[in-house]
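Return atomic coordinates for the entry below.
(one chain, ligands or ions: 1)
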Amino acid sequence: MTIKCDFNIKRADFSLSFKTELSSDKITVIKGKSGCGKTSLLRLMAGLDQLPTGFFSLNNQIFQQDSFFIPTEKRPIGYVGQDSQLFPFMSVVKNIAFAQKRRFCTDYALPNLDELFAVFDLEHCKDKLPEQLSSGETQRALVIQSLMNTPKLFLFDEAFSAIDEYRKGIILNYLMDYLAQRKLPAIYISHDSEEVKKIRSVQIIDLD
Ligand SMILES: Nc1ncnc2c1ncn2[C@@H]1O[C@H](COP(=O)(O)OP(=O)(O)OP(=O)(O)O)[C@@H](O)[C@H]1O
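Residues are numbered from 1 along each chain as shown. Here you go, the predicted model:
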């Protein structure tokens, strides 16, 4: 099972050709110096940005083939990026319930929400509004939200950057078990080499 990707990004002062096939039973880490195009690639995969040509598929499901383009909200992809946001007018628990209601996959079980709140140490934030959260709490809520949405692929772009080392270790362990048990792929960007070292079953793509 594979993730196939073929994108040519051309901007005024930036270009990147990225053609690859990734094993979809592993976590892929995309490495590279600041500005090398990591976020741009994940946004294209998520369907948040669109190029006139390009190819992206997961197993046998094509999300883009040149002008054929499945919009982001119809892609069974859990994207947690640097600019991801919760709905500002809903509490954390309501944001998560909304994602659960719109879940993509019924062929694997929903995670246990009480367990998630405990693992992510977020019980005290259930009824808070997004504006009342710290940045680390916001990131943790976004990751829980993506899990309850039951996607077929996770894209994490610096999704854990504001979480303290201790809690990040616990969350990463939980996530790796979660992905491995359900044979779900994730593509992961992080500047934190210690964080990357903790990831098991990893394939690394270096854009430098
Ligand atoms: N919306 C945009 N419009 C024009 N140029 C952009 C846009 N977004 C990013 N760029 C440029 O494209 C290049 C790649 O940016 P990108 O954000 O993908 O890099 P990155 O590897 O994720 O960087 P970082 O590690 O600093 O987050 C950079 O030169 C950046 O300035």
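
near the ligand, which residues of the protein?
Contacts of the chain with the ligand, taken as Cβ under 6 Å from any ligand atom, map to R11, F14, G32, S34, G35, C36, G37, K38, T39, S40. Just so you know, the C-beta spots here come from the backbone N, C-alpha and C atoms, and that holds for glycine as well.

residue ranges for the strands of this protein, please.
Applying DSSP state E to the chain gives strands spanning 2-11, 14-23, 27-31, 55-58, 61-65, 68-69, 77-80, 153-157, 186-189, 202-206.

right, so of those strands, which gets closest to R140?
strand 77-80 (10.1 Å; Cβ to Cβ).

Each with direction, which strands does the closest one pair with?
Here strand 77-80 is paired, per DSSP bridges, with strand 153-157 (parallel).

In terms of secondary structure, what does the lowest-mean-pLDDT helix or strand in the chain contact?
Lowest on mean pLDDT, DSSP states H and E among the helices and strands of the chain sits helix 193-197, with a mean of 84. For helix 193-197, the packing partners by 3 or more Cβ pairs under 8 Å, 6 or more residues apart in numbering; DSSP states H and E come out as helix 165-182.

Let me have the residues of the chain next to the ligand in a markdown table, adding pLDDT and neighbour count as columns.
Output for the residues of the chain next to the ligand, formatted as a markdown table (pLDDT from 0 to 100; neighbours: other Cβ atoms under 10 Å):
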| residue | pLDDT | neighbour count |
| --- | --- | --- |
| R11 | 92 | 9 |
| F14 | 94 | 11 |
| G32 | 91 | 16 |
| S34 | 93 | 7 |
| G35 | 94 | 10 |
| C36 | 94 | 16 |
| G37 | 95 | 19 |
| K38 | 95 | 24 |
| T39 | 96 | 19 |
| S40 | 97 | 18 |
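
Inside helices: which ones of the residues you listed?
When DSSP state H defines the helices, the subset of these inside them is K38, T39, S40.

would you list the strands of the chain in CSV and tack on distance to K168?
Shown next, in CSV, are those (distance: least, Cβ to Cβ, whole Å):
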stretch, distance to K168
strand 2-11, 25
strand 14-23, 24
strand 27-31, 15
strand 55-58, 26
strand 61-65, 29
strand 68-69, 34
strand 77-80, 14
strand 153-157, 12
strand 186-189, 13
strand 202-206, 16
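
Those strands: which one's closest to F120?
strand 77-80 (12.5 Å).
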